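Trainee: Got a predicted structure plus its sequence, pasted below:
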Amino acid sequence: MKASIRILMVVAFTLTAGQAGQAGAADKEPLFVGAKKCRTCHKKELIGNQYGEWEKGAHSEAFEKLKSEDALKVAKEQGIAGAPHEAPECLKCHVTGYGEDAARFSKGKKLKNTDGVQCESCHGPGSLYRKKKVMSDHDKSLAAGMWEPGEDEKICTGCHNDESPTWDAEKGFDYEERKEEIAHAIPEDVKGKYLERSGRPLARTWTTTRTRTTTSRPPLRRVRRRLQDCGAGPVAARGPFRSYASGSCHSTVTRASSIRTSYL
Ligand code: HEC
Ligand code: HEC
Ligand code: HEC
Ligand code: HEC
């Protein structure tokens, strides 16, 4: 009895803390954090390595491009005296957040020009949506300031327009076609399921068995050994754990929310 009251209190606390956190986030203005921060999660193969795709593409090279022979020629034609990679007239479309107030950047630190046109030029400043739990929920991500470059052509035409000295009026900007060229999708079978597929939430919140309830998390190594003892076969170092956990030893729990429900 005592134990279940304590668990209820933990659940209640977690819920209120979560809600308070969200209300706070809605009041704040999102700040630029830079592509390196997105890299932590979006360099993973399982999620589709968007960081790697971006790194290979033209946008990450946009600043370096301003140092090319072509750029020097273009700058000269535009009557720009200095180096194009130092000219505000060029930088405004070739890097992320150029000319924005320092207060618009996380910790007041501007992004490095050398990273070119980064994730947040298209997805919006990320300080409020970049948490895994927010990111996994489309509506929450939008509420935290994430943009939808797949739905909103204006995000692209903010730079791809006739103010660009290399603009090709005849070619124009074909939104659907150009989107294809920079595609970096989350694989179909992972989309919307990354948290579950990556297996980590279960390992982190492994708190219940059929015979015993505990509020502490046993070391992953012990979980793995126990599952093996149950005849689950070899257990991978990382998820998906669900296929192993649904054996005879443990109930099927894959997300923190279902574990909480099983307590209540
Ligand atoms: C209004 C935004 C904008 C401005 C301002 C701008 N650029 Fe660009 N630039 C672009 C875009 C968008 C592209 C990609 C063009 C494409 O392939 O559609 C580009 C491409 C380029 C390229 C590569 C062209 C090619 O054909 O591969 C060079 C070189 C370049 N810009 C130089 C400059 C220089 C130098 C300046 C400053 C004088 C400048 N740009 C200012 C948006 C801009
Ligand atoms: C030049 C603009 C641009 C840049 C830069 C960019 N993206 Fe995207 N991103 C898009 C567009 C467009 C889509 C497609 C959205 C759609 O089709 O709904 C997209 C989709 C995505 C998706 C969702 C894919 C899916 O299947 O739903 C992720 C995740 C993503 N981008 C992450 C990143 C990360 C991380 C970076 C930086 C390393 C980045 N993007 C840089 C424009 C961009
Ligand atoms: C902050 C400005 C900016 C935004 C926003 C932006 N781009 Fe770009 N884009 C550029 C620049 C600059 C280049 C040229 C980079 C280079 O050549 O190194 C470029 C290059 C490209 C290229 C490659 C062109 C080539 O010839 O290799 C494609 C495709 C492209 N952009 C599509 C998009 C799409 C689709 C969106 C919107 C979802 C978008 N861009 C948003 C600045 C931008
Ligand atoms: C702590 C990990 C983490 C970080 C950091 C992170 N993301 Fe994500 N992102 C995720 C996860 C998890 C998903 C959801 C994957 C799924 O299950 O579909 C996601 C989804 C997305 C999507 C698709 C969202 C939707 O609802 O369509 C975009 C776009 C995206 N991320 C962009 C970014 C950008 C840009 C940054 C950096 C500013 C970033 N992410 C930082 C983990 C992260």
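Mentor: Looks like it came in fine. Ligands and ions are numbered 1, 2, ... in the order given.

Trainee: And Lys110, how close does it get to ligand 1?
Mentor: Note on Lys110: its distance to ligand 1, by C-beta to the nearest ligand atom, to the nearest Å, is 19 Å. Where C-beta positions appear, they are placed from N, C-alpha and C, glycine not excepted.

Trainee: His138 now?
Mentor: According to C-beta to the nearest ligand atom, His138 and ligand 1 sit 28 Å apart.

Trainee: Near that residue, how many other residues are there?
Mentor: His138 is flanked by 12 other residues according to other C-beta atoms under 10 Å.

Trainee: what do you get for Cys38?
Mentor: By other C-beta under 10 Å, the residues close to Cys38 number 20.

Trainee: Am I right that it sits in a helix?
Mentor: Yes - applying DSSP: H, G, I helix; E, B strand; the rest coil, one finds Cys38 inside a helix.

Trainee: With adjacent residues omitted, what lies nearest to it?
Mentor: Residue nearest to Cys38 in three dimensions, not counting chain neighbours: Cys119, with 5.0 Å by C-beta to C-beta, 6 or more residues apart in numbering.

Trainee: again with Cys122
Mentor: Take Cys122 and drop its neighbours on the chain: the residue closest to it by C-beta to C-beta, 6+ apart is Pro149, 4.2 Å away.

Trainee: Which residues are in contact with that neighbour?
Mentor: Residues near Pro149 by C-beta atoms under 8 Å, 6 or more residues apart in numbering: 122-123, 155-156, 179.

Trainee: Narrow those to those that are buried.
Mentor: 122-123, 155-156 (16 or more other C-beta atoms under 10 Å).

Trainee: Now the two most distant members of the residues you listed.
Mentor: His123 and Cys156 (12.2 Å; C-beta to C-beta).

Trainee: one step back: please report how far the residue nearest to Cys38 lies from ligand 4.
Mentor: Using C-beta to the nearest ligand atom, we find Cys119 at a distance of 4 Å from ligand 4.
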